[in-house]
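S.K.: Below is the sequence, then the predicted model.
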Amino acid sequence: VEGLGNTLAITFGALLIGVIIGTFVAVAKYYCEGNKKLRFVSWLCDLYTTVIRGIPMTVLLLLFFFGLFVCARNGVPVAVAAFGINSGAYMAELIRSGINAVDKGQMEAARSLGLSKSQAMIKVVMPQAIKYILPAIGNECIALLKETSVAGYVAVVDVTKAATNIRNKTYDAVNPIILLALIYLVMVVVLTRLLAIMERRLRKSDGK
């Protein structure tokens, strides 16, 4: 139960951080398009996504725990930060794709009505982009849930590490692993069902 709680805490904590970072990076990239003055900001965003996506999650987790947060006593916040920063690099591309999916005429129409670019982004573009982004974020959440199984490398008792501990104490090599697989399967099925419900509601809001 403790391991399951830590797994869910890491998953949703990292998802929140990933959405925040991803939104910031995606919007920054949007503003940088065609603006030579912001070329350096665009370069930083590209550097972040390239570096983070190029480092395996396990290696990034080890770097955080044994490098950046070597004095940390609790591995859960470290895991949340590591998974969140990793998720942010993928979220940035998902959110940027959602923004680009909105017709550019929407921004132009909003600007012609007297809205600033920031106001048009917040009030016009993002509400429409969310309909494209949410399903992708749901899929990222499912992938993130399964990725957290490596959190045990930094002394975090997630559900996978808990199953391993039980296996070591009972010398039962099969049943704890089967139970672990079933736990992950149930969580993924529940998240998939919630994602399907959300997508149906989005289609209804579009009148489809």
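M.R.: Everything's here; your move. Numbering: from 1, shown residues only.
S.K.: what's in contact with the helix or strand hosting Val59?
M.R.: Element membership for Val59 (DSSP states H and E) is helix 57-63. For helix 57-63, contacts defined as C-beta atoms under 8 Å, 6 or more residues apart in numbering pick out 52, 55, 78-79, 82-83, 85-86, 147, 150-151, 153-154. Placement of C-beta: from N, CA and C, glycine included.
S.K.: Export only the CA atoms of it, formatted as CSV.
M.R.: Extracted in CSV, the C-alpha atoms of helix 57-63 (Å, rounded to 0.1, in the frame of the first residue of the first chain):
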residue,chain,number,x,y,z
MET,A,57,15.1,8.1,-17.4
THR,A,58,17.0,5.8,-15.2
VAL,A,59,20.3,7.7,-15.8
LEU,A,60,18.5,11.1,-15.1
LEU,A,61,17.1,9.7,-11.9
LEU,A,62,20.5,8.6,-10.7
LEU,A,63,22.0,12.0,-11.6
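S.K.: Can we start the residue count at 17 from this point?
M.R.: Sounds good: first residue 17 from here, last item helix 73-79.
S.K.: Give the buried subset of the contacts of helix 73-79 as a PyMOL selection command.
M.R.: To isolate the buried ones among the contacts of helix 73-79 in PyMOL, judged by 16 or more other C-beta atoms under 10 Å, type:
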select buried, resi 68+94+95+98+99+101+102+163+166+167+169+170
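S.K.: Dump the contacts of helix 73-79 to a markdown table, plus distance to Cys61, pLDDT and secondary structure.
M.R.: Output for the contacts of helix 73-79, formatted as a markdown table (distance: C-beta to C-beta, whole Å; pLDDT from 0 to 100; DSSP: H, G, I helix; E, B strand; the rest coil):
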| residue | distance to Cys61 | pLDDT | secondary structure |
| --- | --- | --- | --- |
| Ile68 | 11 | 90 | helix |
| Ile71 | 17 | 87 | coil |
| Val94 | 24 | 85 | helix |
| Ala95 | 24 | 87 | helix |
| Ala98 | 20 | 89 | helix |
| Phe99 | 20 | 90 | helix |
| Ile101 | 14 | 92 | helix |
| Asn102 | 15 | 91 | helix |
| Glu163 | 23 | 84 | helix |
| Val166 | 26 | 82 | helix |
| Ala167 | 27 | 79 | helix |
| Tyr169 | 29 | 75 | helix |
| Val170 | 28 | 74 | helix |
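S.K.: which among the contacts of helix 73-79 gets closest to Ala108?
M.R.: Ile68 (9.4 Å; C-beta to C-beta).
S.K.: gap between that closest one and Leu20?
M.R.: In this view, Ile68 and Leu20 are 27 Å apart by C-beta to C-beta, to the nearest Å.
S.K.: now Phe40
M.R.: For Phe40 relative to Leu20 (C-beta to C-beta), the value is 31 Å.
S.K.: Could you do Phe28 as well?
M.R.: Between Phe28 and Leu20 the distance, using C-beta to C-beta, works out to 13 Å.
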